[in-house]
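> here is my input, please return the structure:
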Amino acid sequence: MAESAVAFLLEKLGNLVIQEASIFGQVEVQVGLLCNELQWMHLFLREAGATRTYNNRLRLWMNQIRDAAYDAEDVIDEFMFKVERHRHRRLDILKPLKLLPTWVSFADKLPFVHELDARISDINVKIEKILSNKGRYGVENPVASDAWNNDSTVEERRERRAPIVIEEEDVVGMTDEVEAVKTGLIGGAEQREVVAILGMGGLGKTTLAKKVYNDPDVKQQFGCHAWVYVSQKYKMRELLLEVIRLVMPLVDAERSRMSVMAEEELGGKLSRYLKKKKKYLIVLDDIWSFELWRVLSSYFPESGKRSRVLITTRNREIALHARAWRLELSHLNQQESWELFLRKTFQVRRSTEGVCPEELRNLGWNIASRCRGLPLAIIVLGGLLSRKEKTRSSWERVLQGIEWHLDQGPESCLGILALSYNDLPYYLKSCFLYCGIFPKDHEIKVRNLINLWVAEGFIEKRGKQTMEDIAQDYLEELIHRSMIQVARRKSDGAVKSCYINHLLRDLATSEAQDSNFFEVYEKINFTSPTSIRRLTIQENHNISQNLRTSRLRSLICFSTYIEQKTFTSLLELKLLTVLDLPRPNEEDHHFTTLPEEIGDLCHLKYLCLQGWKIRSTLPLSIGRLVNLQTLDLQHSEIKSIPSTIWKLHQLRHLYGSPNTFVSESMMHRCLTDSHSGVVDKLTDLQTLYLRSGSWLQNGSLQKLIQLRKLKLYGRFNNFSELYPPNLMNLELKNTWLSEDPIVILGRLPNLRVLKLMSFAYVGKELVLPSGGFPKLEQLKLDWLHALEKLKVRIGAMPGLHILQINKCCELKRLPDGLLRLKNLQRLDLNNMVRELIEDLGTKEGEGWDRIRFISLIDQDLDH
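Sure thing, here's the model as predicted:
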């Protein structure tokens, strides 16, 4: 990761030279020398990226360059921290005198500048010695990597990228297995039965299970379905909540009540629902524990309705214990391996006959055979070759690399996977390694991953695209290369969550530790201050005091809780860029306040306090986090945010909870303070979840042209001047609007998703106007208790795919004009009155047959 460290430092130096010209003009000579060397090193390191695994001397030399770049970054950031701290101390002194300078004079900075000049000079000397060692110790120049040596631009590579192949297409030679599992699920006895798919990691257990799970013949047999990823470190309550979320239609109030229920109460509720209502299919993917099965299966009732549970596991004993019908996967034979290899290499979905040039057949056959019939290795290796030129020389280099790895012993599969990592363009390597920070079997929310990538500085600017859109392209490329797998998709087909296969995660963790990219807390022996830059904590620990003196940049915590005194100690890590802390369980220690010292973390770009039980306001010092891009307070008990939040002009994503509002009294002070901003100054803001308030005055949201997603909670006025022009996703909740909002909302040209939730509208009629909502794909109406009529005019919502109506108790007839929605693919009717369901059943005609076919009905209301 040396090339990424150097690239990031070059960008940081460039930005700071512009922002702090008065400072860096005094150290121009040393900064210039440093930049010149870094530019040459960056080009060299990009070329060396694919070779470093094979050459120990080159790897050592690159690691030394990386460490020098880290040192330089630390020097610059420590300097900026001292300047910022000095500025705030001056402000504190001068405030009583009503003198509020926003700058620190050059004379004040002079001691810091002298120190900066001396330390950069030392780094230049260090780099000069490292460069001289290259020739002294015979470090060879690397062979150029195909990942970048054609000098093609990112845009050109993006245009060449083939369509993403869905995972089920990777099922080769499993026709009999698919049919066998389908028969096990559809046929058999009336009582609940278990079907188990067995095999080692990488054989395709999950892929086969998904193929069957998504089969239409299977889908139509079961009234409800749930796919749950298990793990070695499972939490029973979370698994139960996930199953409940997938099989039971719930409103937010019900979800909130369930979030505090004990395990037994949750299990009982699930069991009663399944027994009463449904013929169910539940998939437990990658199950490791006997105890997990014993407890969880007790909540899956023997309902006598041919319900089924499908499990995938590496442990035969679990399948025996579950008394399951068992299918054990074996390695692919040579012909099946060749078929899968051709599919992935040449990106074809069906017939592979004739796709491989004759001059490459023998080479390709040898490459496929070296994967020893392991589908995962073939898929990843095929993804690598799909990006390369179809020439003998290109494929011979890959084959030679495989031979090298096979000579290393039993870890041959990891070796093959490492080839694909080495072949990644330099800009993707950091993004891939970062996925190793997450625990095994962790389902990674794409939104969080992208925001983290942006905060970490992994995303390169590209024209007028937002950093988040570029990051989305990076993610799709990693999926295309089979380095990351899709876990869930949104209704529009976009990736909602992803995961990384065990073997690929092992590769990412190994490479990351070797390059000092990140460390796992559980594997560190703290005996002295450490130079770790990123740290992931995956279990409960008392965090070592040695972290206080480290140069830690990112802390991502997945453990259950963190104590307040430990949190306070973390605030001494002045170079932190990312701070992502866990959501505590109900029995954990609750914070009462967030320390004012949080404002000292001037480099912080990502702060996640999801679920924290902080019952007071955030401190005023939050307004000093001038580099903050993401603030995530979802599911927390934070009641108010100080109006100093509007000073954070780099803020891109603000996630509040339904009860989070901006303090009104502080807002009035802020608006009269010439040094404070207002919401329309947050020109980079793309996501906003917040309770309405006076900050909505004067149509301020209309000025936020970057805003894509908006969730508003609570009543507000001036509805007609509210919405920004490029909004794509809007949710209103408890807004109590009395006049039809559709007239105005229908004019939003880019709106894709609209959700009116829990008394968002209290009128009796909604009319979807002709020509309205030209790009709307999903409409959800939830708990609109007064709604009696829903009308669809000609030409309204021409692209609507999903219509969801839940607990609209007065709506007793289907929407007028429903048949006009020609692109409708799904109609969800949950907890609706009997009259409406009967109305659907009695409609006649081909159009209504189609509507009935795409309808999902869950009727709990009897009136």
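> only C-alpha atoms from now on, for both contacts and neighbour counts.
OK.
> any low-confidence regions in the stretch 601-750 of the chain?
Within the stretch 601-750 of the chain, the ranges that satisfy pLDDT under 70 run 614, 664-677, 718-722.
> all the helices of it, residue numbers only.
664-671, 742-745 (DSSP state H, counting those that start in this stretch).
> with the stretch 451-600 of the chain instead?
Counting by DSSP H, counting those that start in this stretch, the stretch 451-600 of the chain has helices at residues 467-480, 502-514, 564-570.
> what helices or strands is the longest one leaning on?
Contacts defined by 3 or more C-alpha pairs under 8 Å, 6 or more residues apart in numbering; DSSP states H and E place helix 467-480 against helix 426-434, helix 446-456.
> output those as JSON lines; include the columns distance to L840 and mean pLDDT.
Converted to JSON lines, the helices and strands packed on helix 467-480 look like this (distance: least, C-alpha to C-alpha, whole Å; pLDDT from 0 to 100):
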{"stretch": "helix 426-434", "distance to L840": "49", "mean pLDDT": "92"}
{"stretch": "helix 446-456", "distance to L840": "37", "mean pLDDT": "96"}
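> for E193, find the nearest of those helices.
helix 446-456 (34.6 Å; C-alpha to C-alpha).
> now the weakest link among the helices of the stretch 451-600 of the chain, please, by mean pLDDT.
Ranked by mean pLDDT, those end with helix 564-570 at the bottom, a mean of 75.
> for it, what is the distance to the chain centroid?
A distance of 27 Å separates the centroid of the chain from that of helix 564-570, by C-alpha atoms, centre = their mean, to the nearest Å.
> then that helix to PDB, C-alphas only?
Output of helix 564-570 as PDB, limited to C-alpha atoms (Å, rounded to 0.1, in the frame of the first residue of the first chain):
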ATOM      1  CA  GLN A 564     -17.000   6.500  29.100                       C
ATOM      2  CA  LYS A 565     -13.600   6.700  30.600                       C
ATOM      3  CA  THR A 566     -12.200   4.800  27.700                       C
ATOM      4  CA  PHE A 567     -14.000   7.100  25.200                       C
ATOM      5  CA  THR A 568     -12.500  10.100  27.000                       C
ATOM      6  CA  SER A 569      -9.000   8.600  26.600                       C
ATOM      7  CA  LEU A 570      -9.600   8.200  22.900                       C
END
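> okay, buried residues for it please.
In terms of neighbour count (16 or more other C-alpha atoms under 10 Å), helix 564-570 has its buried residues at 564, 567, 570.
> distance to A487 added to the residues you listed, as JSON lines?
Shown next, in JSON lines, are the buried residues of helix 564-570 (distance: C-alpha to C-alpha, whole Å):
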{"residue": "Q564", "distance to A487": "34"}
{"residue": "F567", "distance to A487": "32"}
{"residue": "L570", "distance to A487": "33"}
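> which residue lies nearest the spatial centre of this protein?
Taking C-alpha atoms, centre = their mean, the centroid of the chain lies closest to V446, which sits 2.1 Å from it.
> what sits against it?
By C-alpha atoms under 8 Å, 6 or more residues apart in numbering, the contact set of V446 is 495-498.
> kindly report the same for K278.
222-224, 305.
> find the least confident helix or strand in the protein, judged by mean pLDDT.
When each helix and strand of the chain is scored by mean pLDDT, DSSP states H and E, helix 154-160 comes last, with a mean of 37.
> so M483 makes contact with L504?
Yes - contact status for M483 versus L504: in contact at 7.0 Å, counting by C-alpha atoms under 8 Å.
> where do the strands sit along the stretch 151-300 of the chain?
Taking DSSP state E, counting those that start in this stretch to define them, one finds strands in the stretch 151-300 of the chain at 193-198, 224-229, 280-285.
> pick out the shakiest of those, pLDDT-wise.
Among the strands of the stretch 151-300 of the chain, strand 224-229 scores lowest, at a mean of 88.
> who does that strand pair up with?
strand 280-285 (parallel) (DSSP bridges).
> what does the strand it pairs with contact?
206, 222-230, 274, 307-313.
> list the buried residues for the longest helix belonging to the chain?
With secondary structure taken from DSSP state H, the chain has its longest helix at helix 56-94. Applying a neighbour-count criterion of 16+ other C-alpha under 10 Å, one finds 58-59, 61-81, 83-88, 90-91 buried in helix 56-94.
> what do you get for stretch 487-504?
487-488, 495-501, 503-504.
> same question for stretch 360-375.
363-365, 367-375.
> then stretch 444-459?
For stretch 444-459, using 16+ other C-alpha under 10 Å, the buried residues are 444, 446, 449-459.
> among those, which one lies nearest to F716?
Once C-alpha to C-alpha is applied, the member of these that ends up nearest F716 is N451, at 29.5 Å.
> that closest one contacts L631, doesn't it?
No - at 10.2 Å, N451 does not count as touching L631 under the criterion of C-alpha under 8 Å.
> tell me, what's touching these two both at once?
Jointly contacting N451 and L631 under the rule C-alpha under 8 Å, 6+ apart are Y606.
> what about the helices in the stretch 251-400 of the chain?
Going by DSSP H, counting those that start in this stretch, the stretch 251-400 of the chain shows helices at 252-258, 263-277, 290-297, 316-321, 334-346, 358-369, 375-386, 392-406.
> what's the closest of the ones you listed to N823?
Comparing the helices of the stretch 251-400 of the chain by C-alpha to C-alpha, helix 252-258 comes nearest, at 28.8 Å.
> what is the mean pLDDT for the closest one?
Helix 252-258 carries an average pLDDT of 77.
> buried set for it?
In helix 252-258, counting by 16+ other C-alpha under 10 Å, buried: M258.
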